[in-house]
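> Give me a 3D structure for the following:
(2 chains)
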Amino acid sequence: MKNSIAERVYDFLKNYPPFNILKADDLLEISKQVSIIYLEKGDTLFKKGDAFNEYFYMVRNGAITSFHTNNNNVQEIVNISDAGDIFGVRPLIAKEDYKLTATANEESIVYGIPIDTFQKVTNDNPSVYKFLITAFATNAYDPYTAEETGKIFADYLPSTSQDIVSFQTANYSKNPITCSFKSSLKDAAIKMSTHKIGCIVVVDDDIKPVGIITNSDIKNKIATGLFPIETPVTNIMSSPVFTNKKDLTVADGQLQMIKHNIGHLCITKDGTVNSKLVGVLTHHDVLVTLGNNPSVILKEIKRAKRTKKLRTARLKANTLLKSYLEQNIPISHIVKIISQINDAVTVRAIEIALKKMPSPPPVAFTWMSIGSQGRKEQLLFTDQDNAIVFEDVENDKYEETQAYFLELAKLVTKSLNKIGFEYCEAHMMASNVAWCQSITKWKLQFENWILNPDEKAILLSSIFFDYSAVYGESKLIDELSDSIYESLSKTSLFFKFLGRDALKNPPPLGFFKQFLVEENGEQKDLFNIKSKAMMPLIDAGRLLTLSKNIKGINSTYERFEKLAELDPNNKELYQSCSYAFKALLKFKTKQGLLHNNSGKFIKLETLNKEEKLKLKRCFKPIQEIQESLKIRFDLKNFV
Amino acid sequence: MNFDCLFKKKQVFPDFWNEYLELFKQKQSKDTPIANTRFIAFDTETTGFDKKEDRILSIGAVSFIGKTIQVNHSLELYLEQDVFKPETVKIHGLMKTGSQEKISELEAIKVFLDYIKNDVLIAHHANFDRCMVNEMLLRHGLGKLKNKFIDTGVLYKKSIHLIYREKDKHYSLDDLAKELNVPTVDRHTATGDALITALIFLKIVSRLDKRKHLNWGYLLQK
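Numbering: from 1, shown residues only, chains lettered A, B, ... in the order given. Take a look at the predicted model:
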C-alpha cells in the first residue's frame, strides 16, 4: 500500500546523517515505522532514569534540550538539538536507562525512529555506527570521562549553581590606578584619596607591576612612624606582587588569595610580573561575584552580547529572588530589584536587536511594557506584554516605518522568549501590527477606548493603561499620558465601565466564609489567587489613580500608597490595600517558585491554618475598596 | 398490497456495517482523558464539491493517541470511480489511470470503517468530508457515520482570543498551517492533508490546554 507520509518522512531523513548514507529502500523501510511526535514547549520526551524507549529521535521542527540533573537538583544543559539533529541514542548504543532528560525547548515535532527496524536495516554498517558513536559521545554526559580526560568536552560542566558563578571569568577592575616606582608615598596617598581607592599598584617605566600599597600598609608603616611620609613608595610597598592572566576564574582568584593570604591580584598581559599591568582583582570583587549580587547581575546584563548570556543572567535573578524571599526581605524591595533586572534585560535585548537591524531606527520610538510588566509586578517569568510607540511620520512613509519597528519587535520578542518570557497568547506584543503605532495613532486608540467603552475596550484598557516606558524617548510616553488625561476629562462614563469591571470579582469568600475555588475544568478546586484576589485590587488601584490624575505610578501597591497620601480620609483603607496586595504577591511568588509555575492556582489543602488565615485577612480590604468604588463612582445601579 | 416495501426498511446490512454499529452500543465515557483517546484525522480528495454528483477519489487518515502519530498506522486509499473531472486533476493530481493501486468503493468503506471504529473523527471543514462519506455509504445502502466529529476550522476560531476573533472569517487549511507553523508538505494529497490536520489539532489542543479550557464539552460542542 502506498504511504505518502512515509515518503515525506523519507524526504526529510535522507538529508541528514546517518540516514544520508543508507540505501533508498532501507530508508523507506525505516520511514514507514517512524512515529511523529508533537511536543509543546516544556514537554518532556524522556527523563533521566526512565527505562529506555524503543526509539531514538530526530528533530523535525523546533529544538530539544538535553540536560543533566545533578544531586542538588540543578539542571545543566548538555546539548540543544535543532532540526536534523539526532538525540536520545543511548538505548541504541547501550541498553540502559536514560542518563539525560530531553525537553522541548520550543514547540517541536520529533521523529521517533524505531531502533529495532533501524538495526535490522543498517545491519552494523560501520560508517553508520561511527557516526552514532560520535553523536552519542558529544551528546552524552558522563562525569567520569569528563574528569579523566577533560578534553572530550570543550566546556567544563559545573556541578552546582554556585560553581557556575565560580567558574565564570572574574570581573576585575580594568585601568587600575597606578603610581610610578619613583614617586613618594605622599603622592601615592594623594592619588588614592582623590580616586577613593583602597590600594594602588606601583609600576615601573614599562607599566609592569613591581609592588602594591594598600590602606593597611600606610596605617602600619607610616602612621606608626616607621617611615616618614615623603619616603619613596618602594620602601612601603609589598613586593613582589602576585599576578595572573586575564581569563582567571573567580574560583581561581579566590584560591590564590587564600593561598598567599593577600587581598589583591594583579592582572597582567601574559600573567607574569614581566608584562604590562591590565587590571586588579580585589577580594571584594570576588565576594561580590560569589554573592549573586543584583548589581553584578545588572552589570552582566549590560555587558551581554548574546541572548544566551541574558538568559543566564536572568536565571541568576531567580536564584536571587528565592534567597530574598527566604530571608524575608520586604517585597517592595524585591519587586524593585527584579523589575529593574527585567527592564535591563529588555533594554539589552532591544540594543542587541537594533544592532541586527540593517539601519538605525528611522524615527524616535519608545518600547513600552504593559500589563503586569508595566506595573512592574512581575517577579517570576510570565508572558511578555509590550508595545511600541514611534514618532509621527508623513503618511506615505507610515507603512515603511511601521514595518521597520515590527521587524525590530519581532527580534526583541523572539529573544525575550528565549530568555524565558513566554509569548503573550493574546498577542499583546509590539510585533503585532495593532500594538506598534505612531504616537498620533496611539492617542486616537486610547481616546477611542475612553470615549467608546465596550467589553473589548475595557478588557484592553485593563492591560494598556498600565504602560511604562522601558527604552527610548520618554517624552513620547509623557505626550501620550497627557493626551489620555485630557480624554479622560471629557467623560465619566469610562470610569463607570472600569468600575464595573473592578467589581466583577467579588471578595473571594463564600457564604460560610469558605474560599471560592474554581468550579470546573482542570483547575477544579484550586484557588485562583490572581483573578480572585489580586485583580480586584489591581483594577481598583488603576481606576482610582486614573480618576485622580496621578501620572507615572504604575505598581499597585505604590498606587495605593500614593492614594493614601492624597486622600487622608481613606488613608487606612488604601494602606491596607497596599499591604494586602504585597502579601498576595509574595504568596503567589512563593507558590510559583515552589511549583515552578506562575503560582496563579493554589491548592488550598496544601496551606496550613496560619497561611489560610493570612490569605483571608487579605480579602477584607478587597471588600472595603469595592464598597467604596460603588459609592464613589455611583455604580449601584450601573452594575 | 405489497408489504415488501414496508419491510425493506429493515433491510439486512452486511456484517461489517453491523459490526461498526455494534461499537456504538457501548456507552462512551466522557471521563476518558483526552490524552488517552484515539483520534482520527482524515481528509478526502474528490472530483468536485457537489455531494450528489461528485465522488471520492482518495481517503487519507492518520490516527493518534496523545501526541504521537504512528506513520505505519496511517491509512491511504485510492478509489475506483466512474465519475472523472479533468479540471480537478490539477488540485489533487489523481489521474483516471494513475499508478496507485485502486479499490472499489465498497472495499474502501469496509477498510475505512474498520480503521475509524467508534473513535472521534477530525477533519478540516468536516461537514464536507462527512457529507461525501455519508453519500458514499448511502449509495451502498448503508446508514450515516455515527462517529463524533471535530472541525479544526471551528475549533481554531474558538481558540482565538476574544479580542481578535472575527466572526465571519473563513480559515483555509493553508491559513491554519501558516498561522500555527505546521510544515505543509504534501498538500492536496488526502494523507498529507490528514497529517497537517492532525498536527493543527494537536497544536490547538495544547493552546487550549495551556489556558485550561480543554475538556470534551469544549472540543465537541459546535
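
> so the residue minimising distance to the centre of chain B, which of the three states?
By Cα atoms, centre = their mean, chain B has its centre lying nearest to residue B:42, at 3.8 Å. With DSSP: H, G, I helix; E, B strand; the rest coil as the basis, residue B:42 sits in strand.

> for it, what are its contacts?
B:59-62, B:75, B:116, B:121-123, B:129, B:190, B:194, B:197 (Cβ atoms under 8 Å, 6 or more residues apart in numbering or on different chains). For every residue, glycine as well, the C-beta is placed using N, CA and C.

> Could you give the bridge partners of it?
When bridges are called by DSSP bridges, residue B:42 pairs up with residue B:61.

> Residues of chain A that sit close to chain B?
A:1-6, A:8-9, A:11, A:31-40, A:43, A:60-61, A:107, A:109, A:112, A:425-427, A:456, A:459-460, A:520-523 (Cβ under 8 Å from any Cβ of the partner chain).

> Just the buried residues from these, in PyMOL please.
In PyMOL, this line selects whichever of the residues of chain A next to chain B come out buried by 16 or more other Cβ atoms under 10 Å in any protein chain shown:
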select buried, chain A and resi 3+4+5+6+8+9+31+32+33+34+35+36+37+38+39+40+43+60+61+107+109+112+426+427+459+460
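
> Mark which of the residues of chain A next to chain B are part of strands, please.
Secondary structure from DSSP state E places A:35, A:36, A:37, A:38, A:39, A:60, A:61, A:109, A:112 of the residues of chain A next to chain B in strands.

> So the residue in the stretch 351-500 of chain A positioned nearest to chain B versus residue A:51, what's the distance?
In the stretch 351-500 of chain A, the residue that lies nearest chain B is residue A:426 (4.1 Å; Cβ to the nearest Cβ). Taking Cβ to Cβ, to the nearest Å as the measure, residue A:426 falls 41 Å from residue A:51.

> next one: residue A:207
63 Å.

> Next: residue B:53.
Residue B:53 is 56 Å from residue A:51, by Cβ to Cβ.

> Buried residues, the strand or helix carrying residue A:404. List them.
For residue A:404, the host element (DSSP states H and E) is helix A:398-419. Going by neighbour count (16+ other Cβ under 10 Å), the buried part of helix A:398-419 is A:401-402, A:404-409, A:411-413, A:415-419.

> Kindly report the same for stretch A:7-19.
Buried residues in stretch A:7-19, counting neighbours by 16+ other Cβ under 10 Å, are found at A:7, A:8, A:9, A:10, A:12, A:13, A:17, A:18, A:19.

> show me what contacts the first one?
With contact set as Cβ under 8 Å, 6+ apart, residue A:7 has these partners: A:28, A:31.

> residue ranges for the helices of chain B, please.
With DSSP state H, the ranges of helices along chain B come out as B:4-8, B:15-23, B:89-92, B:105-116, B:126-139, B:152-159, B:173-179, B:190-210, B:216-220.

> Let me know which of those is the nearest to chain A.
helix B:190-210 (4.2 Å).

> Using PDB, list the CA coordinates for the closest one.
This file holds the C-alpha atoms of helix B:190-210, laid out as PDB (Å, rounded to 0.1, in the frame of the first residue of the first chain):
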ATOM      1  CA  ALA B 190      -5.500  13.000   1.200                       C
ATOM      2  CA  THR B 191      -3.000  11.600   3.700                       C
ATOM      3  CA  GLY B 192      -0.800  14.700   3.600                       C
ATOM      4  CA  ASP B 193      -3.700  16.900   4.400                       C
ATOM      5  CA  ALA B 194      -4.800  14.400   7.100                       C
ATOM      6  CA  LEU B 195      -1.400  14.700   8.800                       C
ATOM      7  CA  ILE B 196      -1.500  18.500   8.600                       C
ATOM      8  CA  THR B 197      -5.000  18.400  10.100                       C
ATOM      9  CA  ALA B 198      -3.700  16.200  12.900                       C
ATOM     10  CA  LEU B 199      -0.800  18.500  13.700                       C
ATOM     11  CA  ILE B 200      -3.100  21.500  13.600                       C
ATOM     12  CA  PHE B 201      -5.400  19.800  16.000                       C
ATOM     13  CA  LEU B 202      -2.600  18.900  18.400                       C
ATOM     14  CA  LYS B 203      -1.400  22.500  18.400                       C
ATOM     15  CA  ILE B 204      -4.800  24.000  19.000                       C
ATOM     16  CA  VAL B 205      -5.400  21.500  21.800                       C
ATOM     17  CA  SER B 206      -2.100  22.400  23.500                       C
ATOM     18  CA  ARG B 207      -3.000  26.000  23.400                       C
ATOM     19  CA  LEU B 208      -6.400  25.300  24.900                       C
ATOM     20  CA  ASP B 209      -4.700  23.100  27.500                       C
ATOM     21  CA  LYS B 210      -2.500  26.000  28.500                       C
END
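
> In it, which residues have enough neighbours to count as buried?
Neighbour-count burial for helix B:190-210, counted by 16+ other Cβ under 10 Å, picks out B:190-208.

> Among these, which ones lie close to chain A?
Among the buried residues of helix B:190-210, proximity to chain A is found for B:191, B:192, B:195, B:199, B:202, B:203, B:206, B:207 (Cβ under 8 Å from any Cβ).

> what residues are up against the second one?
By Cβ under 8 Å, 6+ apart, residue B:192 lies in contact with A:4, A:5, A:8, B:60, B:185, B:186.

> Show the subsequent helix or strand relative to the helix or strand that contains residue A:544.
Following DSSP H and E, one finds residue A:544 within helix A:535-547. Counting by DSSP H and E, the next helix or strand C-terminal to helix A:535-547 is helix A:556-566.

> any idea how far whichever helix or strand comes after that following helix is from the chain center?
Using DSSP H and E, the helix or strand that follows helix A:556-566 towards the C-terminus is helix A:571-595. Distance of helix A:571-595 from its chain centroid, counting by Cα atoms, centre = their mean, to the nearest Å, is 22 Å.

> now for the following helix or strand past helix A:571-595, which elements pack on it?
Along the chain past helix A:571-595, the next helix or strand (assigned with DSSP H and E) turns out to be strand A:601-603. Packing contacts for strand A:601-603, counted by 3 or more Cβ pairs under 8 Å, 6 or more residues apart in numbering or on different chains; DSSP states H and E, involve strand A:526-528.

> 10 Å instead, please
strand A:526-528, helix A:571-595 (3 or more Cβ pairs under 10 Å, 6 or more residues apart in numbering or on different chains; DSSP states H and E).

> ok, the first one: who's next to it in the sheet?
What it means is strand A:526-528. For strand A:526-528, pairing defined by DSSP bridges yields strand A:601-603 (antiparallel).

> mean confidence for the partner strand?
Taken as a whole, strand A:601-603 has a mean pLDDT of 81.

> Can you list the buried residues in that strand?
A:601, A:602.

> Show me what the helix or strand following that strand is packed against.
Proceeding N to C from strand A:601-603, the next assigned helix or strand is helix A:609-632, under DSSP H and E. Packing partners of helix A:609-632 (3+ Cβ pairs under 10 Å, 6+ apart): helix A:493-502, helix A:535-547, helix A:571-595.

> Report the distance from helix A:609-632 to the chain centre.
Centre-to-centre, helix A:609-632 and its host chain are 32 Å apart (Cα atoms, centre = their mean).

> would you put the C-alpha positions of it in CSV?
The C-alpha trace of helix A:609-632 is given here as CSV (Å, rounded to 0.1, in the frame of the first residue of the first chain):
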residue,chain,number,x,y,z
LYS,A,609,-4.2,27.0,59.0
GLU,A,610,-2.0,30.1,59.6
GLU,A,611,-1.4,30.6,55.9
LYS,A,612,-5.1,30.3,55.2
LEU,A,613,-5.9,32.9,57.8
LYS,A,614,-3.2,35.2,56.4
LEU,A,615,-4.8,34.8,52.9
LYS,A,616,-8.3,35.5,54.3
ARG,A,617,-7.1,38.6,56.0
CYS,A,618,-6.1,40.0,52.6
PHE,A,619,-9.6,39.7,51.4
LYS,A,620,-11.1,42.2,53.8
PRO,A,621,-9.6,45.3,52.1
ILE,A,622,-11.0,43.9,48.8
GLN,A,623,-14.5,44.0,50.1
GLU,A,624,-14.0,47.5,51.5
ILE,A,625,-12.4,49.0,48.5
GLN,A,626,-15.2,47.6,46.3
GLU,A,627,-17.8,49.1,48.5
SER,A,628,-16.1,52.4,48.3
LEU,A,629,-15.8,52.2,44.5
LYS,A,630,-19.6,51.6,44.3
ILE,A,631,-20.3,54.8,46.2
ARG,A,632,-17.6,56.9,44.6
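
> Thank you, goodbye.
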